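Trainee: how would this look folded up:
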Amino acid sequence: MRSQLEQFVPVLLLGLVALATTAGMLLLSQLLGRRGRNSRLKNIPYECGMIPTSPVRGRLSVRFYLVAMLFILFDIEVVFLYPWAASFRDLLARPELRHTVFLAMLSFLGTLFIGYLYALKKGAFDWKR
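Mentor: I've put the predicted structure just below:
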């Protein structure tokens, strides 16, 4: 039998080839790439052909981040819901698990629905505030 270290040699070789390829591409782009003239006008951000009138880094409202976090929360719900839905037919074939699995998913969805109602009541989805 081969030792565990010998089994990882192909993975190590693949990593070394990937690093060498990356380093080679970066080196070649520096050596062979065109050196353009940089000017202040050339380095300003391009906004549909218009001269920028505000700073590049605009400030976002806290509400934007709150809605983004709520989106991630409800997106994770789908990540947990999909495997359950895909295997639900197989779980129905086992009578001892039928009710337990269904009630577990109902409690999961109920908890998320209560969280959604709470966020709705607090105005988390209201962009005008």
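Trainee: tell me which element the most centrally placed residue in the chain is part of?
Mentor: What sits nearest the mean C-alpha location of the chain, by Cα atoms, centre = their mean, is residue 72, with 8.6 Å. Assigned by DSSP states H and E, residue 72 belongs to helix 62-92.
Trainee: buried residues, that helix. List them.
Mentor: For helix 62-92, burial by neighbour count (16 or more other Cβ atoms under 10 Å) applies to 67, 77. Using the backbone N, CA and C atoms, a C-beta is placed for each residue, glycine as well.
Trainee: report the next helix or strand after it in sequence order.
Mentor: Assigned by DSSP H and E, the successor of helix 62-92 is helix 95-121.
Trainee: OK, contacts around the closest residue to residue 101 other than its chain neighbours?
Mentor: Among residues not flanking residue 101 along the chain, residue 91 sits closest, at 4.9 Å (Cβ to Cβ, 6 or more residues apart in numbering). For residue 91, the contacting residues are 97-98, 101, by Cβ atoms under 8 Å, 6 or more residues apart in numbering.
Trainee: and residue 91, how far from residue 46?
Mentor: Between residue 91 and residue 46 the computed distance is 54 Å (Cβ to Cβ, to the nearest Å).
Trainee: let me know the average pLDDT across the helix holding residue 72.
Mentor: Averaged across helix 62-92, pLDDT comes to 83.
Trainee: just how off-centre is stretch 99-111 within its chain?
Mentor: 26 Å (Cα atoms, centre = their mean, to the nearest Å).
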